[in-house]
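K.L.:
Below is the structure, and that's it, no one-letter string:
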Ligand code: BTN
């Protein structure tokens, strides 16, 4: 353990961890600037696959697209996992989808709630974001060397932990379930699901995730969406996902089907909220 002054979370997590690879070793900090920044450095220095970095608070939590990630102390999960898959760099973005599925399964198992995934990797409950994922790749001459999967889950954050402009967009498992969730139980469950899907994905690729992915990500299907993609904004109807995990969108202008690997989706008219999202009912 490194830099720990409040080790209860890490100690409890170590006791509950049942994974073979993920979480070994486990670097724990009471406060850090960003678990991703630290994990990126560790990976560059040769850290092994499965090493994780966890903190109780982040002073400079990083979000996607240069945004910051609200990281108050003692209530949430700030986790970065170092992976070294033997796949091409073009397959690496699928790890975003894999991480989102693992988070959704952990929420479902530990909180008995049914989350939805907003492609590619936001996890929502009742239309509000409870988890964000930031994957960072390390390559060498085009070869993938490591992927740092940064996962932030709002577990027990009260509404007051979020700035006012996020009150109608962000939530926590406490706020949606009405009960405090044990962070070590949640994190152990998440790492178990992450390891299970990672092993399957290494063997079979995206098809190994497809059923679970479609169960959680179906909220977007058939809807009119706008995707701010690196190649420009695409507006159209979400058709489904291909075998590489790309989102297929029928464009409004020329009916052309776009295959999108990354971007920021908004559902035109907004996400459905509440129970009707749950395909298990
Ligand atoms: C997003 O913008 O949705 C992605 C948020 C990712 C936040 C997590 S918290 C753990 C890890 N460390 C960081 O600095 N960011 C990621």
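P.N.:
All right, it came through fine. Since the model is a prediction, treat every value here as computed from it, not as a measurement. Residues are numbered from 1 along each chain as shown.

K.L.:
can you pull the contacts of residue 99?
P.N.:
121, 133, 135, 149, 151, 194 (C-beta atoms under 8 Å, 6 or more residues apart in numbering). To be clear about C-beta, it is placed using only N, CA and C from the backbone, and glycine gets the same treatment.

K.L.:
now those: which count as buried?
P.N.:
With neighbours counted by 16 or more other C-beta atoms under 10 Å, the contacts of residue 99 contain buried members at 121, 133, 135, 149, 151, 194.

K.L.:
pLDDT below threshold where in the stretch 1-150 of the chain?
P.N.:
Counting by pLDDT under 70, the stretch 1-150 of the chain contains low-confidence ranges at 1-7.

K.L.:
What segments of it are helices?
P.N.:
8-16, 35-44, 94-111 (DSSP state H, counting those that start in this stretch).

K.L.:
So which of the ones you listed has the densest surroundings on average?
P.N.:
With neighbours taken as mean count of other C-beta atoms under 10 Å, those reach their highest mean count in helix 94-111, at a mean of 24.

K.L.:
can that helix be found next to the ligand?
P.N.:
No. With C-beta under 6 Å from any ligand atom as the measure, helix 94-111 is seen stopping short of the ligand, the closest distance being 9.9 Å.

K.L.:
and what of stretch 58-70?
P.N.:
Yes. Using C-beta under 6 Å from any ligand atom, we find that stretch 58-70 touches the ligand at 58, 61-64, 67, 69.

K.L.:
got a markdown table for the residues you listed, with neighbour count too?
P.N.:
As requested, those are exported to a markdown table (neighbours: other C-beta atoms under 10 Å):
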| residue | neighbour count |
| --- | --- |
| 58 | 25 |
| 61 | 25 |
| 62 | 20 |
| 63 | 15 |
| 64 | 17 |
| 67 | 11 |
| 69 | 19 |
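
K.L.:
how about those, which pair is most distant?
P.N.:
The two members of those with the most space between them (C-beta to C-beta) are 58 and 64, at 15.0 Å.

K.L.:
re the thing from before, output the helices of the stretch 1-150 of the chain as TSV; include the columns distance to residue 86.
P.N.:
Listed next are the helices of the stretch 1-150 of the chain as TSV, based on distance: least, C-beta to C-beta, whole Å:
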stretch	distance to residue 86
helix 8-16	28
helix 35-44	15
helix 94-111	13
